[in-house]
Structures are given as C-alpha cells and as structure tokens.
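Participant: Below are the sequence and a predicted model; questions follow.
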Amino acid sequence: MKFKWIAILSMLIIATMVLSACGPTDAPAVEEPAGEEPVVEEPAVEEPAAEPVQIGVYSVSWSTTSINAMKGLIEKFNAEHEGRIVAEYIQGDWGDAETYITSGVAGGGGIADVIEYYLDGALNWYNQGYTIDLSPYITDEVRATIPEVLWAGKTAADGGVFESCTNTNEHMLIYYNPALLEEAGVEPPSFGETWTMEEFLENAKLLTRDAEGRHVGEDGFDPDSVVQWGFVPRMSQDHIFENLYDYTIQVSGEPMIRRGDDGEWDIFFDEEAMPVIEAFMSVITEGVTPVEAVGLGGSSQDQLFYQGTAAMVQRAYFNIAVLLETYPDFVFDVMPVPMEDDIYFSSAAVGQGFSVPVVSEHPAEAAEFVFWMQKAENQAIWAEALMLAPCNPDALLDPRIADNPLFETMLWYFDIQTFAEAEPNPYQEEFKTTVFGPTMMDVLMGELTLEEGIELIKEVSKDVLNQ
C-alpha cells in the first residue's frame with residue numbers, strides 16, 4: 001500500500017513536469033533602453049530692457065513763444081518714441097552756433113546731435129566737413145513731406161542733403177500804424193492788393209512829417225526836424241542784400257545770384273529789376289528814412305514803430321508774434337511788400353532746418369528727429385509759434401494755420417506763390433559780407449552812385465562766387 005501511494009505520487013510529479021514542459025514559456029527579458037536624464041528647466045532670466053538712445057537738440061529759438069513750442073515738440077517726439085529715443089532741448093543762440101559746432105567737431109564730440117541753423121550757414125558747415133549727408137535716411141515717406149524744389153535747395157554740389165527743412169521763405173511784410181495813415185489821408189491797399197514800389201514811396205513821403213506837420217515835398221518841409229518817418233527798414237549789410245534779393249526776384253522771377261549761360265556763378269542786376277533796386281536804395285536820399293536805419297537793431301526798430309516815430313517798417317512775418325508779445329496794447333496792421341505783378345516768387349534756397357554733426361554718436365536717431373519735424377502737424381505747430389512759412393504745404397491745412405486770422409496774409413502769399421528754382425552757392429555768405437554789403441552801404445550813404453557800386457561789385461563777383 002505504501003508503494004502504491006509512492007507510485008501515485010511519482011506519477012503526479014512526472015505529469016506535472018510534462019505539463020510544465022508543454023506550456024508557454026516566459027518571454028525573454030528585454031533590456032529597457034537607457035532613459036535620458038530628465039531636463040531641468042532653468043528659470044527664465046529677463047534681459048534688461050535696452051536704454052533709449054538720448055540725443056541733444058540745439059535750437060536757436062529765441063522768443064518765449066518759440067522756445068516753449070520747440071520744447072513742446074520735443075516732448076511730443078519723446079512720447080511718440082517712448083522707449084526708443086529721448087530728445088533733450090539745448091538752448092542755442094544764432095550768434096554762438098558757428099563756434100558751437102566748430103569747437104565741438106574739433107574736440108571730437110560733446111555737442112548736440114541735431115543743430116538748427118539757416119540754409120547758407122548749414123551749407124558752409126557741410127562743405128567744411130562738419131555735418132553728415134542726410135540722404136541715407138530719406139525714405140519715400142520723408143521725401144513726400146516737402147516739394148522737390150525745396151529738396152534741391154537743401155542739396156549740396158556733391159549730391160548730399162546737408163539740412164532738413166523746418167521753414168522756408170520768411171515772407172516780408174510792411175507793418176503800418178493805421179492811425180498815422182488815416183491822419184495823413186493814406187489809404188492802405190485792400191486785402192489781396194498791393195502797392196507798387198512807386199506808390200509805396202509816394203505814400204512814405206506823405207507819412208514823413210516835420211515838427212510843424214508838413215510832409216516831404218510840401219512847401220516849408222524841414223528835413224532837420226522830422227518827428228515821424230514814413231518808412232524805417234533795417235539797413236545793415238545783411239538786410240540790404242536780403243531786401244534787394246527779395247524785391248528783385250519778384251520782378252525777374254530769378255534769384256540775383258545764379259549760374260549764367262557759361263555755367264559760372266555771378267550776380268545779375270537784371271534790367272527789369274533796376275527800377276526796384278533804384279527805388280529801394282533811394283529811401284535815405286529821398287528823405288523818408290533816417291540815416292539811423294543803418295545798423296538799426298530789431299528791438300530798436302520795434303520801439304520806433306510802437307512810439308509812432310516810424311509810420312511803416314519792413315520786417316519778416318515772424319515779427320507779428322514779437323510785437324504782440326512785447327506791446328500787447330499796440331494797434332498795428334500789415335500789408336504785403338510792394339509788388340509789380342500779381343505773382344509772388346519765393347527762392348527755394350532760403351530758410352532754416354536741422355543738421356547732424358559728424359561727431360554725433362546716434363546719427364540715425366538724430367535723422368529720425370529732423371525728418372519727424374517735417375510732418376504736417378509738427379510743421380503747423382512750429383509755424384504757428386514762429387510765424388514763418390512751413391516747408392510742408394499740408395501744414396497750411398491744419399486749423400492752427402488755416403483758421404488763424406494772423407496767417408491771412410501768409411496764406412494769400414501762398415495762393416500766388418511760385419518757387420523760383422535756386423541752387424545754393426557755398427560762397428554767397430562771403431560775397432554778401434565782403435563785397436555786396438559794404439559796396440551797397442556806400443551807395444546808400446551817397447558815397448557812390450548805384451552805377452559805380454554795381455560796377456565795383458561785378459569786377460570781383462565771379463572770382464568770389466566761383467572759388
């Protein structure tokens with residue numbers, strides 16, 4: 001019995017072994033691929049924000065109104081370029097600008113990135129290598145802000161653009177005292193009309209009064225006791241040139257200084273312009289202008305006008321704002337300058353703008369500012385404050401100009417205005433101060449006849465203007 005259980009047990013063990021051999025086997029162990037080390041992300045570190053580029057803007061603004069306007073425009077620029085560019089106002093001066101840039105360039109920097117100046121002076125800076133060519137920064141959008149004829153006036157002989165355009169022609173005016181004209185029985189021209197130069201001088205004689213109330217040409221008139229002058233312009237060497245330049249271009253339609261048929265620069269006393277030249281140069285000898293007008297300063301002229309010592313004066317348009325600010329109780333009016341025709345010629349080679357010195361560390365940002373100033377709205381803001389003609393014609397549509405009664409005569413000028421093409425001459429300033437001005441001053445004072453003065457000027461004009 002014992003063996004029987006042993007046999008049974010043995011058979012069970014064998015059967016179990018057989019069944020185990022016939023059953024499924026375990027799958028071979030597969031080696032798991034080595035897993036990559038887990039990436040631990042570092043916390044993001046923010047790059048410090050780039051500091052905005054800082055540029056200095058040297059402005060020759062001098063009246064309270066114009067200084068505040070330029071500061072306001074710079075604030076506007078900074079707001080529109082927040083985080084990129086910060087412009088800083090630097091108060092400049094017309095008399096110091098030349099020294100400022102020359103010493104700054106010589107010293108290798110430390111001056112403003114943008115400098116405001118008049119066209120002839122800016123051209124001289126460029127020709128001496130003090131300022132950069134702005135051409136690389138002029139996009140199609142920038143190009144469209146001002147007429148092509150004005151771009152030509154800002155372009156040097158080598159093709160470089162030496163200055164932007166903040167304002168163009170000053171538009172000269174005759175300022176007059178309405179009460180004094182009424183007292184003398186002189187009727188000013190109606191709006192949209194002008195006197196000729198001959199009519200102007202005749203009325204100036206009626207307005208020139210001696211202590212007894214007699215006028216030039218009246219029996220008994222005493223030229224040594226004049227208490228009221230008919231016309232008091234500023235007759236410095238610069239102003240003689242500027243006045244004759246403006247009056248002659250109205251008649252000939254071309255600037256006095258231009259290239260002749262031979263391609264060389266010269267000054268031209270066109271035949272049709274001679275009567276105007278003769279008339280203007282005769283104001284002292286005709287007795288309507290005092291000798292003291294020679295070298296007369298602007299503020300002194302304003303005072304003579306305010307006091308009634310001068311019935312009429314000639315100043316640029318901007319002086320409206322100056323008189324209103326200085327003499328708020330003074331009643332005056334303006335008329336266009338004497339003209340022979342119903343068209344007003346304006347030279348394209350005049351005005352003001354901004355230049356960028358070669359030592360600027362941020363020329364691209366500086367250029368961005370100078371051409372930002374050519375946008376219509378910015379030009380309107382600047383024109384309203386300075387009362388000078390904007391370069392961008394769209395600025396005239398801005399309500400600051402279009403709806404401002406103080407701009408009536410300027411808008412009238414623009415309605416009849418044509419730009420006379422003019423190429424800037426790099427030696428015009430030298431010619432004006434060393435040749436034209438001193439000679440014409442002698443003519444004005446009666447030391448030379450006009451013919452003698454013109455002859456002396458023509459003897460050296462080509463040499464100076466074609467250096």
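Facilitator: Alright, I've got the coordinates.

Participant: Would you mind writing the CA trace of stretch 118-131 as CSV?
Facilitator: What follows is stretch 118-131 as a C-alpha-only set of coordinates in CSV (Å, rounded to 0.1, in the frame of the first residue of the first chain):
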residue,chain,number,x,y,z
TYR,A,118,19.9,128.9,-41.6
LEU,A,119,20.4,127.4,-45.0
ASP,A,120,23.6,129.2,-46.2
GLY,A,121,25.3,128.6,-42.9
ALA,A,122,24.3,124.9,-42.9
LEU,A,123,25.7,124.5,-46.4
ASN,A,124,29.0,126.0,-45.3
TRP,A,125,29.2,123.5,-42.4
TYR,A,126,28.6,120.6,-44.7
ASN,A,127,31.2,121.8,-47.2
GLN,A,128,33.8,122.1,-44.4
GLY,A,129,33.0,118.5,-43.3
TYR,A,130,31.2,119.4,-40.0
THR,A,131,27.9,117.7,-40.8
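
Participant: Buried ones in it, by neighbour count?
Facilitator: 118-127, 130-131 (16 or more other C-beta atoms under 10 Å). Quick note: C-beta positions are derived from backbone N, CA and C, even for glycine.

Participant: from these, which has minimum pLDDT?
Facilitator: Comparing pLDDT over the buried residues of stretch 118-131, the lowest score belongs to residue 120 (89).

Participant: residues in contact with the closest residue to that residue other than its chain neighbours?
Facilitator: Spatial nearest neighbour of residue 120, excluding adjacent residues (C-beta to C-beta, 6 or more residues apart in numbering): residue 429 at 4.9 Å. By C-beta atoms under 8 Å, 6 or more residues apart in numbering, the contact list for residue 429 reads 120-121, 124.

Participant: In helices, which of those appear?
Facilitator: Counted as lying in helices by DSSP state H, out of these, are 120-121, 124.

Participant: and of those, the nearest to residue 219?
Facilitator: Closest approach to residue 219 among the ones in helices among the contacts of residue 429 (C-beta to C-beta): residue 120, at 47.9 Å.

Participant: didn't that closest one look like it was pressed against residue 430?
Facilitator: No - taking contacts as C-beta atoms under 8 Å, residue 120 lies outside contact range of residue 430: 9.8 Å.

Participant: From what I see, residue 288 and residue 200 are in contact.
Facilitator: No - applying C-beta under 8 Å, one finds residue 288 not in contact with residue 200, separated by 9.6 Å.

Participant: where do the contact lists of the two overlap?
Facilitator: Common neighbours of residue 288 and residue 200 are listed as residue 231 (criterion: C-beta under 8 Å, 6+ apart).

Participant: What segments of the stretch 51-200 of the chain are strands?
Facilitator: Secondary structure of the stretch 51-200 of the chain (DSSP state E, counting those that start in this stretch): strands at 53-59, 85-91, 114-118, 172-176.

Participant: so where's the protein uncertain?
Facilitator: Along the chain, segments meeting pLDDT under 70 span 1-49.

Participant: Map the structural domains onto the sequence of it.
Facilitator: 53-168+349-418, 172-348+425-465 (automatic domain parsing).

Participant: mind checking the end-to-end distance for the longest one?
Facilitator: In terms of C-alpha to C-alpha, to the nearest Å, the two terminal residues of domain 172-348+425-465 are separated by 26 Å.

Participant: Looking at the ones in helices among the contacts of residue 429, which one is closest to residue 276?
Facilitator: Of all the ones in helices among the contacts of residue 429, residue 120 has the smallest distance to residue 276: 22.8 Å, by C-beta to C-beta.

Participant: Contact partners for the closest one?
Facilitator: Per C-beta under 8 Å, 6+ apart, neighbours of residue 120: 424, 428-429.

Participant: quick one: residue 227 and residue 307 touch, right?
Facilitator: No - at 10.5 Å, residue 227 and residue 307 do not qualify as touching, with contact defined as C-beta under 8 Å.

Participant: correct me, but residue 258 touches residue 265?
Facilitator: Yes - using C-beta under 8 Å, residue 258 is in contact with residue 265, at 7.3 Å.

Participant: residues in contact with the helix or strand containing residue 301?
Facilitator: Per DSSP states H and E, residue 301 falls inside helix 298-307. Here helix 298-307 makes contact (C-beta under 8 Å, 6+ apart) with 175, 177, 229, 232, 234, 310, 313, 315, 319, 322-323, 326-327, 330, 332.

Participant: Select from those the one having the most neighbours.
Facilitator: residue 310 (28 neighbours; other C-beta atoms under 10 Å).

Participant: helix, strand or coil for the nearest residue to it once chain neighbours are set aside?
Facilitator: Closest residue to residue 310 apart from its sequence neighbours, by C-beta to C-beta, 6+ apart: residue 232 at 3.8 Å. For residue 232, the assignment made with DSSP: H, G, I helix; E, B strand; the rest coil gives coil.
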